[in-house]
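>>> Fold the following.
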Amino acid sequence: MTQTAKVLVASSDLENGRSLSKLLVECGLDSAVVSSLEEARALLANESISLVICDAQLTGGSFRELLPPSEAAKIPVVVASRLPDTRQYLEAMRLGAFDFIASPYQRAEM
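Prediction:
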């Protein structure tokens, strides 16, 4: 039996995170939604995660604290931001982000 890929959605806006989670399920993926850096780290430590989609800012921290451990584990991290900030984009990519997208999420983009 094959295991469904699990996506960790770390979103400070739980409604937005749940909407993305529903879209991922429609695409055949499993997902978990959290709102804090602490919850995201706990899931990464205890579950098999294939991809992380993370808001630029979370309760208790930001993508900056999440990227180094995820990169070490070779889990791709997509950073999402409501602000079109070139410096933040470049920083995320320098720290090892897989991609940087606009939030709220657009169905076609996902």
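
>>> Could you point out which residue ranges in this structure have low pLDDT?
1-3, 69-73, 105-110 (pLDDT under 70).

>>> Let me see the backbone angles for Asp99.
phi -160, psi 170 (degrees, to the nearest 10).

>>> Provide the secondary structure category for the residue nearest the centre of the chain.
In the chain, the centroid-proximal residue (Cα atoms, centre = their mean) is Ile53; its distance is 1.6 Å. Following DSSP: H, G, I helix; E, B strand; the rest coil, Ile53 is assigned to strand.

>>> Would you confirm that it contacts Leu8?
Yes: between Ile53 and Leu8 there is a contact at 7.3 Å, judged by Cβ atoms under 8 Å. Any C-beta I mention is one placed from the backbone N, CA and C, and that applies to glycine too.

>>> Just the helices from the protein, written as ranges.
Using DSSP state H, the helices of the chain run over residues 14-26, 37-46, 63-72, 86-94.

>>> Dump these into JSON lines; add distance to Phe100 and mean neighbour count as well.
Putting these into JSON lines (distance: least, Cβ to Cβ, whole Å; neighbours: other Cβ atoms under 10 Å) gives the following:
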{"stretch": "helix 14-26", "distance to Phe100": "15", "mean neighbour count": "16"}
{"stretch": "helix 37-46", "distance to Phe100": "17", "mean neighbour count": "17"}
{"stretch": "helix 63-72", "distance to Phe100": "9", "mean neighbour count": "18"}
{"stretch": "helix 86-94", "distance to Phe100": "5", "mean neighbour count": "14"}
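
>>> Dump these into CSV; add distance to Pro104 as well.
Below are those laid out as CSV (distance: least, Cβ to Cβ, whole Å):
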stretch, distance to Pro104
helix 14-26, 5
helix 37-46, 19
helix 63-72, 17
helix 86-94, 17
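
>>> Is the residue nearest to the residue nearest to the centre of the chain when sequence neighbours are not counted bridged to anything, and to what?
Closest residue to Ile53 apart from its sequence neighbours, by Cβ to Cβ, 6 or more residues apart in numbering: Val78 at 4.7 Å. Beta-bridge pairing for Val78 (DSSP bridges): Ile53, Asp99.
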